[in-house]
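J.: Pasted the sequence and its predicted model underneath.
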Amino acid sequence: MQNESDDVIARRAFMKKAVALVGATSALATQSGAANAQAANAPATSGRKGTVYTGDVIQGKKVISALDVDDLERGKTHKLYFQGVQMPTGQDWYVSVIVVHGAKPGKRVALISGVHGDEMSPVHTIHSVISQLDPAQMSGTVLAVLDVSRPALEAMERRWPNTALGTGLIDINREWPGNENGASAPSRHAGLLFNRLLRPNTDYAIDFHTGTTGMDLTSFNLVRMELPEPRAMAELFPIKQIFDNPAYPTLLANAFINVGIPAITPEIGSARVFDFDMIPSFVEGTLNVLKRYNIVSGPMGRTGRDVGTFVGNSGHSVMSTHGGFVELLVKLNEKVKAGQKVAIQRNTFGEVVAEYTTEVAGEVTGRRTDATAEPRIPLVMILYQSAARENPEDYSE
Ligand SMILES: [Zn+2]
């Protein structure tokens, strides 16, 4: 199946040199035959490396192991599979890539979904945006990567099922920018995507998420508001809240920011479903971003200013202290006062075992969806403003 193009052969030769440089671990991988695209620490960051076609075609889509959008024909939409890390059986995890490549050159915006495998509204949001784009009329490029954590998506699971010592679950959003020679398959997958697909083709990035299974969220953007460009992007979304916080250093958005690419993390409601109440606002916001960078023309849609987005830089998780059945007393986006009761927990006899109050005043941003909770589960998350940015306990972006 695999045609060894000159490109691939040249790349292999280059990688052998790179492997020799990065030392014993990689050399061992080479000897065991696991090398080629996987083992070389040769990020496509210094100058143009070009698009590498593996020669495979899957369901009519050409497979690539590196992308340079400048190699693609302008004024068209291109659909490709990017070859990620290998599976335990030796086949590859492929990631779906859509490049809407404008007739004229311009800025390049990456739209990303599937970093977490149970987050569906981002997929529909990106599909909706792309359906409204006409590459013949565009100046610049939209790079969409739909299913970053493929095995997690196949399982409708937040985290990547990794088979190192029995199956364990790894959150790939704790791995960015990844490492092509990393200690786990998801770390290597992240490294391949970041070095060969995302970073070389992105001027601005939007990594869409939702709440995780078990926690419903309102519509908000997670963004570092002290950075002018991410702030400007986030404020273009007509949504309920902005959470002004870096959260974890390994988020994909932070990996982009660390290499000088402005990025934000929108959060679109609940996991596992398409939230058609929220998706249109995120589509509108994304199109606003594309207008800001003159990739598409036309008047701006509604922005955060039009809907009165609530901004907080801190999150407070109300955590369960007991096991039992939980009755939540507050709704998403409800304003709460410090000391306000937000949940009651009962045992199987109906006796109250715990009553929960919020320590802070703010707005409800997240709610547990399961009616039961064992001890130390986030029940309600409150967004608020404080002098010291406080991170919520057990925040699952
Ligand atoms: Zn997520």
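T.: Sure thing, it's come through.

J.: what residues are up against the residue in the stretch 251-397 of the chain that the ion sits nearest to?
T.: Nearest to the ion, among the residues of the stretch 251-397 of the chain, is E397, at 5.2 Å (C-beta to the ion). The way it works is simple: take the backbone N, C-alpha and C, and place the C-beta from them, glycine included. By C-beta atoms under 8 Å, 6 or more residues apart in numbering, E397 lies in contact with 173, 209, 222, 247-248, 251, 265, 267.

J.: 10 Å - rerun?
T.: 115-116, 119, 171, 173, 207, 209-212, 217, 222, 243, 245, 247-248, 251, 253, 265, 267 (C-beta atoms under 10 Å, 6 or more residues apart in numbering).

J.: And for V307?
T.: Residues in contact with V307 (C-beta under 10 Å, 6+ apart) are 219, 237-240, 281.

J.: just E229 next, same as before
T.: 203-204, 257, 261-264, 292.

J.: can you put these in CSV and add pLDDT?
T.: Shown next, in CSV, are those (pLDDT from 0 to 100):
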residue, pLDDT
D203, 98
Y204, 99
I257, 98
I261, 98
P262, 98
A263, 99
I264, 98
R292, 98
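
J.: Break the chain into its domains for me.
T.: 1-42, 53-307, 313-384 (automatic domain parsing).

J.: need those domains in CSV with distance to E390, can you?
T.: Output for these, formatted as CSV (distance: least, C-beta to C-beta, whole Å):
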stretch, distance to E390
domain 1-42, 37
domain 53-307, 9
domain 313-384, 4
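
J.: Now do the helices in this structure.
T.: Here the chain has its helices, by DSSP state H, at 6-22, 24-31, 36-39, 121-131, 150-154, 185-193, 228-234, 252-258, 279-292, 304-307.

J.: pLDDT score for D394?
T.: We have a pLDDT of 86 for D394.

J.: In this structure it contacts M319, no?
T.: Yes: the criterion here is C-beta atoms under 10 Å, and D394 meets it with M319 at 7.3 Å.

J.: who's more crowded, those two?
T.: It is M319, of D394 and M319, that has more neighbours when counted by other C-beta atoms under 10 Å, with 16 against 13.

J.: dump the residue contacts of the more buried one.
T.: 356, 373, 375-380, 392-394.

J.: about what we covered before: the contacts of E229 in strands, which ones?
T.: 204, 263-264 (DSSP state E).

J.: Tell me the most packed of the residues you listed, by neighbour count.
T.: That'd be I264 among the ones in strands among the contacts of E229, by other C-beta under 10 Å, with 30 neighbours.

J.: With T365 as the reference, measure out to it.
T.: Here the criterion is C-beta to C-beta, to the nearest Å. By it, I264 lies 16 Å from T365.

J.: do the same with L197
T.: 31 Å.

J.: So for these two, which residue has more residues nearby?
T.: Remark: of L197 and T365, T365 carries more neighbours, 29 against 25, as counted by other C-beta under 10 Å.

J.: List the contacts of the residue lying closest to the more buried one once chain neighbours are set aside.
T.: Of all residues not flanking T365 in the chain, L383 sits nearest, at 4.2 Å (C-beta to C-beta, 6 or more residues apart in numbering). By C-beta under 10 Å, 6+ apart, the contact set of L383 is 218, 220, 240-245, 310-316, 333, 360, 362-366, 392.

J.: What residues are bridge-paired with L383?
T.: For L383, the residues forming beta bridges with it (DSSP bridges) are G315, E363.

J.: Give me the pLDDT value at it.
T.: pLDDT, L383: 98.

J.: Equivalent analysis for P246, please.
T.: For P246, pLDDT reads 96.

J.: Nearest spatial neighbour of it, chain-adjacent residues omitted?
T.: The nearest residue in space to P246 (C-beta to C-beta, 6+ apart) is R224, at 5.3 Å.

J.: Flag the shaky bits of the stretch 1-150 of the chain, pLDDT-wise.
T.: By pLDDT under 70, the weakly predicted segments of the stretch 1-150 of the chain are 1-48.

J.: Close to the ion: what parts of the stretch 51-200 of the chain are there?
T.: Listed as neighbours of the ion in the stretch 51-200 of the chain under the rule C-beta under 5 Å from the ion: H116.

J.: Check the gap between the residue of the stretch 51-200 of the chain found nearest the ion and K104 for me.
T.: Residue nearest to the ion within the stretch 51-200 of the chain: H116 (3.5 Å; C-beta to the ion). The gap separating H116 from K104 is 35 Å, by C-beta to C-beta.

J.: When these two are compared, which one has more neighbours?
T.: More crowded of H116 and K104, by other C-beta under 10 Å: H116, with 27 against 14.

J.: The residue nearest to the more buried one when sequence neighbours are not counted - how many residues pack around it?
T.: Nearest non-adjacent residue to H116, counting by C-beta to C-beta, 6+ apart: R158, 4.7 Å away. Counted with other C-beta under 10 Å, residues neighbouring R158 total 23.
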